[in-house]
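Enquirer: Turn this into a model:
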Amino acid sequence: MKGNITSSIKRFLVVFLCVFLALIPTFSSYAASEDGQGEALTVGVPTDRCPIFYQDADTGEIVGIGVDLMRSAAKNAGYSVTFKSLEEETLKDALDNPSYDVLLPFGSAISSASGQSSIVTDNLLQTPFTLVTEGHHDMPPFNVLKVAMLRSLSGAADTVHQLYPEIEITMYDTMQECVQALRSNKVNALLHNSYVWSYVLQKPSYSDLEVQPSSMFSMDFRAGTADTPRGREIIRRLNDGIAALTDTERQAVILDYTSRRLYRMDFGDYVYKYGLFVLLIFLLFVALIIMAVQRVHSVRRKNEEKLQQMIDHDPLTGVLSMQGFRKRVVELLSTYPDVPYLLAYVNIKNFKYINDSLGWDAGDELLCFWADKTRKTLSDKEALCRISADRFAVLRSVGGDEKLKWDDREVIDAVRTYFLDQGKKTRVQICGGLYVLTPEDHREIDVDHMLDLARVAEKRVREMRSDGYEFYNPEQWEKGRQIADVINHLPEALKAGDIQVWYQPQVDYDTGRITGAEALCRWDHTKLGWLQPADFISTLEESGLIFDLDSYVWDKVCQDLQHWNKQGIRRFISVNVSRCDFREDRDIPEHFHNLTKRYGLDPEQLRIEITETAYAEKSELLIHATEKLRGYGFQVEMDDFGSGYSSLHMLKEVPVDRIKLDLRFLTDAGDPERGRIIIGYMIRMIRSLGMQMITEGVETREQADFLRDQGCSEMQGYYFYKPMSIEDFEKI
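Expert: Now for the predicted structure:
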């Protein structure tokens, strides 16, 4: 009896163990489905069918009606799914890609591109397909209907052909192409499922499209995979999961997505919807740009006018500068050819003593008082300028002895006693020279020449007595015989070698390297000793002999350059060309071209310096000559720029390579800060025009540092080197 009981217990345990082992997979599957960590499936879906399948713009996650339903069915079946965007154009191509476990959506089983059969699940939901037409167009009968569909809906297109073989279907890559085909009457309607239409027709520019109320057909929405043992197992389990879905769950998912405003407008949508507003904004933007450009032009024009004003006027006294005076005199003599004028050159003899004893401020106050006093006596037909320092020039209409005495009493005497009236024991000594203009001066206006003649008379006063004024006449020109001596002895001096070529080095201040030199001349006169160029150049220009001297200097420079080239030393020399050298019957460019050929020189080694005075006086002739020189390969420099003739118009017209800036704005009397501002503007202007530049007359380190800071590093002046003989030049 006891043995039977023991045997029964053993049989019970064996049966219980077998049942337990058999239920383990079921428990495991149930547990996995409960915690969402079942067997992983990769599901391939298209992502261009919002709200069925699409990528969330914020998270990048693939979502949609089909995604939610598939995830729920897979969870019921014990799977954990990962959705992947289809890379292939069609499901047939995707069936051959082993990276997908399951694909969506299928209407029915199909063969892959390689011919492999597929197996599909039960229906996840029914998707109604509806037609969309333009609102103002009637849809024709089905037997003549032309429909546009997306190329990715090739499976649905096959179903349409089966149901309605007479319908003509055209496939397009994008919905935009489909809509364009509809609007251009290539097709009568568009076909897609109604869920997609709920998204697509949210686009503002599609507001004229209408969904036809009745659906053409409803297509099954199934998952599918390749017909393999594993595929059949997946489909079997998914069918169980689909069967567990209720209609309420399905409708909740569909309602959730179709009621959302999923469409996000692009730039084109905003333009379509807010076109008029956008146009107004655009026009406002354009108007603002135009106003800004006009403002820039206005500011630039004002700056140019301000710069021109600064160039044409003396910064200390406010009267005309030498350049402004020249232009004003030409204007007055041309406008009033019958008015008799005299030109006065006036100078304070003891101005240096005033500055040294009373200070620069006192000297500046005196100059301003003088300018203001004189300006009040002038009419609109007269002009006043400050030439430089304490030197003034006045163009005054002739009014007889009484007017001259009145000017002397009201202006000159007031200036003489300016400091005495302040209780200071300093009397101002004024020397003046007066030149009465001739009819020839009105026809051939040469302001510099007239000033030179007035200066001759002023110099006689300064040398012969303390102050006063004199009229110019030829008998008072004490240096007449000396000038004649200079003229008569020039040919002999050139032949004897009494005139020597000296060189003043030009340096790059940043590196200290010598970049070239300017050729100058010194005359070892047999009677007068060493003469500076200022002692004889103007005389030779007036007598017409300056070309003889210049030709001699140019030839000597070319000989020196040839000598240095043979030594393997390549140098660059600037040579001066007088304004009097340029004549209609003289070809200066050809002369230099022949020189370089004769001595075997590179034209770049010879830099041609022409003063801006020459350009101002003979602009058309010199512009033509400059263009020809540059055509031969010479570099042309505008010399003495800023010396009082500067013209922005001239810079625009004259095709020079390099500007030689005159440092007068920093060395002459006047407001030094204004001088630095003018120099800075000039340097930036020259650089902006794409020209090279060098500054001459640099005498102090402060000037050199300032120029370098403003962007000009190439300089010439006594701070670096004085003019020197060729022997000394070769040593450095």
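Enquirer: For Asp390, give me its contacts.
Expert: Contacts for Asp390 (C-beta atoms under 8 Å, 6 or more residues apart in numbering) come out as Asn347, Ile348, Phe351, Gly363, Leu367, Ala669. From N, CA and C alone the C-beta is placed, and that goes for glycine too.
Enquirer: Narrow these to those that are buried.
Expert: Buried residues within the contacts of Asp390, counting neighbours by 16 or more other C-beta atoms under 10 Å: Asn347, Ile348, Phe351, Gly363, Leu367, Ala669.
Enquirer: doesn't Val428 make contact with the second one?
Expert: Yes: under the contact definition of C-beta atoms under 8 Å, Ile348 touches Val428, with a separation of 6.0 Å.
Enquirer: can you list residues touching both of the two?
Expert: Residues touching both Ile348 and Val428 by C-beta under 8 Å, 6+ apart: Ile354, Leu366.
Enquirer: Contacts only, for the closest residue to Tyr341 other than its chain neighbours.
Expert: Once flanking residues are discounted, Tyr341 sits nearest to Leu437: 4.7 Å by C-beta to C-beta, 6 or more residues apart in numbering. Residues near Leu437 by C-beta under 8 Å, 6+ apart: Leu333, Pro340, Tyr341, Leu342, Leu343, Met450.
Enquirer: Mind doing that once more with 10 Å?
Expert: Contacts for Leu437 (C-beta atoms under 10 Å, 6 or more residues apart in numbering) come out as Val329, Leu333, Val339, Pro340, Tyr341, Leu342, Leu343, Leu395, Val398, Ile445, Met450, Leu453.
Enquirer: thinking again about what came up before, in a markdown table: the contacts of Asp390, plus pLDDT.
Expert: Output for those, formatted as a markdown table (pLDDT from 0 to 100):
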| residue | pLDDT |
| --- | --- |
| Asn347 | 90 |
| Ile348 | 89 |
| Phe351 | 88 |
| Gly363 | 90 |
| Leu367 | 93 |
| Ala669 | 60 |
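Enquirer: From those, pick the one nearest Asn97.
Expert: Nearest to Asn97 among the contacts of Asp390 is Ala669, at 91.2 Å by C-beta to C-beta.
Enquirer: can you pull the buried residues of stretch 329-340?
Expert: In stretch 329-340, counting by 16+ other C-beta under 10 Å, buried: Val329, Leu332, Leu333.
Enquirer: From Ala181, how far out is the last one?
Expert: Look at Leu333 and Ala181: by C-beta to C-beta, to the nearest Å, they are 82 Å apart.
Enquirer: before we move on, back to that, could you save the contacts of Asp390 as TSV and add columns showing secondary structure and distance to Glu304?
Expert: Conversion of the contacts of Asp390 to TSV gives the following (DSSP: H, G, I helix; E, B strand; the rest coil; distance: C-beta to C-beta, whole Å):
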residue	secondary structure	distance to Glu304
Asn347	strand	33
Ile348	strand	34
Phe351	helix	34
Gly363	helix	32
Leu367	helix	28
Ala669	coil	26
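Enquirer: Now do the buried residues in the longest strand anywhere in the chain.
Expert: Criterion DSSP state E: the longest strand present in the chain is strand 514-525. Neighbour counts over strand 514-525 (16+ other C-beta under 10 Å) mark Ile514, Thr515, Gly516, Ala517, Glu518, Ala519, Leu520, Cys521, Arg522, Trp523, His525 as buried.
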